[in-house]
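Colleague: Test case, fold it:
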Amino acid sequence: MKKIINNIKKINVLDRAQLDIIVKNANNQWELFYNCNIQIFEKNNLNHHDRLKSLNLIRKLQTDNSCNLSIAHNLSLTCKVKQELNLIKDAIKDSLKSHQLFKKEHNNHPLAVNGSIFAYSNLANIYSNLGLNNIALDYLYKGQKLIHESEQPYIPTVRINMTLANVYSKLNKLEKSIHLLNEIYISALEKELHSIVIPALINLSSTYRKKKEYKKAMQLNSEALVISKKIQESHFHATILTFQAQCFEDIKEFDKALDLYKKGLKENLLIQSADKINSNYYSLGCLLIRMNKKKHALNYFEKIIDSKSNGESLQYKMNAHKKIAELLEKADLKKSNQHYKQYINYFEKDYEIKQQVFTTENKNTIESLEVYIDNIQKEKENEKLKDQLSSQKRELITKKVKTLSENNFLKDIIIELKKNIAEDDGKIRKKINITIELLKHRIDESSDWKQFLTIFNELNPTFIPTLENQSSELSDLELRVCAMIKFGLHTREIANILSITIRGVEQHRYRIKKKLNIDENITTYLRSK
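Modeller: This is a model prediction of the structure:
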């Protein structure tokens, strides 16, 4: 691993202290690469472009070292980053490739199943955000079907159900959303998993507010805030306070709403979240108008106009100009008109941006559907191929069973003939020996090995040449055993076909393993070739 560690250092994205901790705790390549992936993904001082670049560089090292599980994990994280960068088609491709790699590792690593579920959850999120909720539900259903295969099913179950709850909320199936979120909340609370409890409570609160059940929504928000403070977690504070303020404003308890909006603003100012700050300013301005405190409202709208932030804040600036124009319409018509002009200018900019976004989203949606349809087609082709292989395998095994029956019958005849040799005269004895030789020849020829080999090589053209290159010591019989293992036959089936004992097959397996100089399970090794 020393060479890998030196190459990671060359990427120069993880500081020395971080890397030293990762190396100290890593027992193998998988753990080393896994923790590098996580550290890069969660690194606060990286922008998304640099994050993506660093993850790509780490993945190249993983590819060079044939660490498929780490590559799959890396792709599941790059998918998240690409979503943030609006590279939707690439994000979908990364997620699909991630799932395919995880699927290959299902029998080798217990966490591979969880990875596949993560990939399906990612795909569901992408398609739901594009408004393609039926496709999102399809991927979530696929994820659900895998959960029973997971050795550690709790987190995958939470991931699927949290995503499913959000999809249901978007489809206005609020009761289904609440049911799922309640289950997540109760189980996480029992396990004291606060990182799951808090978002579950926030999502529940939002759904109850959508139902206009404000009392319940506020109760859940309060609970989330208490837990957040108890564990000294500040990431969700501003969101909780703002949601709570919105509920109090909905029920016209304006003083309480004002206090909570200000507390939320304070939290956002601490973390310097520009767009959220402007959102708070706008909410405060609108609330103060309702409270008939127009001068104070003007102050907050002017703060939005003076801010240097872009992006989502463009709409806040546009609406701030409109609000000021309305407030000044009677007191200062000239100034009011100036703000109306600014509002129109911002409106035109906003319209232009929305047209671009609409065009991009349409393109993303079409491209996403193309990828989805292509993937369905590939799955159908794979299923068709599996059916063909299964049919050929059954046909071959049927022939082998018939051959075995014939062999046993012929062997029984040989035994009986040998018993009678001593009793017959020389001429008859000679004829019996000729008959025995003919029967033996028939047994050899009826093995059907040539037909087996023809079908097998059509399906696996490089398998036997690769083994022969790897070890020239493998006998013809050992190559037959290798081919039958690759074909999916079990020890008992191989024993019946070769007319040997199960122990005999096991001895062949042992010798093959020794000649190929491998440590891993012979079945796993040959089926992966």
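Colleague: Nearest residue to the spatially most central residue of the chain in space, ignoring adjacent ones along the chain?
Modeller: Nearest to the mean C-alpha position of the chain, by C-alpha atoms, centre = their mean, lies A119 at 1.3 Å. Residue nearest to A119 in three dimensions, not counting chain neighbours: H99, with 3.8 Å by C-beta to C-beta, 6 or more residues apart in numbering. All C-beta spots, glycine's among them, are computed from the backbone N, C-alpha and C.
Colleague: Need phi/psi at the one you found.
Modeller: Main-chain dihedrals, H99, degrees, to the nearest 10: phi -60, psi -40.
Colleague: Over to H106?
Modeller: Note on H106: backbone dihedrals following degrees, to the nearest 10 are phi -50, psi -40.
Colleague: Which residues are in contact with the nearest residue to it once chain neighbours are set aside?
Modeller: Setting aside the residues directly before and after it, H106 is nearest to A112 in space (C-beta to C-beta, 6+ apart), at 5.0 Å. By C-beta atoms under 8 Å, 6 or more residues apart in numbering, the residues touching A112 are L69, A72, F102, K103, K104, E105, H106.
Colleague: in the stretch 1-150 of the chain, which spans are helices?
Modeller: In the stretch 1-150 of the chain, the segments counted as helices under DSSP state H, counting those that start in this stretch are 2-11, 16-25, 29-42, 48-64, 68-84, 88-104, 112-129, 133-146.
Colleague: Filter the contacts of A112 down to just the buried residues.
Modeller: When the contacts of A112 are checked for burial by 16 or more other C-beta atoms under 10 Å, the buried set is L69, A72, F102, K103, E105.
Colleague: I am assuming the third one contacts A119, so please confirm or correct that.
Modeller: Yes - in terms of C-beta atoms under 8 Å, F102 counts as a neighbour of A119; the distance is 6.4 Å.
Colleague: Mind splitting the chain into its structural domains?
Modeller: For the chain, the structural domains run 1-160, 448-529, going by automatic domain parsing.
Colleague: which of the ones you listed is buried the deepest?
Modeller: Most buried of these by mean neighbour count (mean count of other C-beta atoms under 10 Å) is domain 1-160; its value is a mean of 18.
Colleague: how many other residues sit next to K173?
Modeller: Using other C-beta atoms under 10 Å, K173 has 14 neighbouring residues.
Colleague: for K514, phi and psi?
Modeller: Main-chain torsions, K514, degrees, to the nearest 10: phi -70, psi -40.
Colleague: if I look at it, how far off is I485?
Modeller: Relative to I485, K514 is positioned 15 Å away (C-beta to C-beta, to the nearest Å).
Colleague: Ok, L140 next?
Modeller: Separation of L140 from I485 (C-beta to C-beta): 37 Å.
Colleague: Could you tell me the end-to-end distance of stretch 188-200?
Modeller: The straight-line separation of the ends of stretch 188-200 (C-alpha to C-alpha, to the nearest Å) is 9 Å.
Colleague: residues in contact with the residue nearest to K211 when sequence neighbours are not counted?
Modeller: Leaving aside its sequence neighbours, K211 sits nearest to L174 (C-beta to C-beta, 6+ apart; 5.5 Å). Contacts for L174 (C-beta under 8 Å, 6+ apart) come out as Y168, T207, K210, K211.
Colleague: what about the last one, how many neighbours?
Modeller: I take that to be K211. Under the neighbour criterion other C-beta under 10 Å, K211 is assigned a count of 13.
Colleague: so what pLDDT did it get?
Modeller: For K211, the pLDDT comes out at 93.
Colleague: what's it sitting at in phi/psi?
Modeller: Dihedral pair for K211: phi -80, psi 0, per degrees, to the nearest 10.
Colleague: separation between it and N172?
Modeller: For K211, the distance to N172 equals 10 Å [C-beta to C-beta].
Colleague: Could you pull up the residues touching K145?
Modeller: K145 is in contact with no residue at all, counting by C-beta under 8 Å, 6+ apart.
Colleague: Local confidence estimate at it?
Modeller: For K145, the pLDDT comes out at 87.
Colleague: same thing with I512?
Modeller: Note on I512: pLDDT of 92.
Colleague: With E253 instead?
Modeller: We have a pLDDT of 95 for E253.
Colleague: Output the below-cut-off pLDDT ranges for the protein.
Modeller: For the chain, the stretches with pLDDT under 70 are 44-45, 47, 84-86, 271-275, 309-313, 350-351, 353-455, 458, 499.
Colleague: For it, which segments count as strands?
Modeller: Taking DSSP state E as the criterion, the chain carries no strands.
Colleague: I'd like the domains of the chain laid out as JSON lines, including distance to K349.
Modeller: Shown next, in JSON lines, are the domains of the chain (distance: least, C-beta to C-beta, whole Å):
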{"stretch": "domain 1-160", "distance to K349": "19"}
{"stretch": "domain 448-529", "distance to K349": "56"}
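Colleague: Compare the ones you listed and give me the one nearest M218.
Modeller: domain 1-160 (24.8 Å; C-beta to C-beta).
Colleague: Can you give me the first-to-last residue distance of that closest one?
Modeller: Terminal residues of domain 1-160 lie 35 Å apart, using C-alpha to C-alpha.
Colleague: distance of A297 from H235?
Modeller: Going from A297 to H235 by C-beta to C-beta gives 30 Å.
Colleague: same check, this time on N12
Modeller: From N12 over to H235 the distance is 28 Å, taken as C-beta to C-beta.
Colleague: M291 too?
Modeller: For M291, the distance to H235 equals 30 Å [C-beta to C-beta].
Colleague: Helices along the stretch 201-350 of the chain, start to end?
Modeller: Taking DSSP H, counting those that start in this stretch to define them, one finds helices in the stretch 201-350 of the chain at 214-230, 237-250, 254-271, 274-290, 294-306, 313-328, 333-421.
Colleague: Buried residues, the shortest one. List them.
Modeller: The one in question is helix 294-306. With burial defined by 16+ other C-beta under 10 Å, the residues of helix 294-306 counted as buried are K294, A297, L298, Y300, F301, K303, I304, I305.
Colleague: residues in contact with the closest residue to A188 other than its chain neighbours?
Modeller: Spatially, and ignoring its direct neighbours in sequence, A188 is nearest to I196 (3.9 Å; C-beta to C-beta, 6+ apart). Residues counted as contacts of I196 (C-beta under 8 Å, 6+ apart) are V158, I184, A188.
Colleague: What is the burial count for the second one?
Modeller: In other words, I184. For I184, the count of nearby residues is 23 (other C-beta under 10 Å).
Colleague: my read: it touches A200, true?
Modeller: Yes - with contacts counted by C-beta under 8 Å, I184 reaches A200, the gap being 4.7 Å.
Colleague: shared neighbours of the two, anything?
Modeller: Common neighbours of I184 and A200 (C-beta under 8 Å, 6+ apart) are M162.
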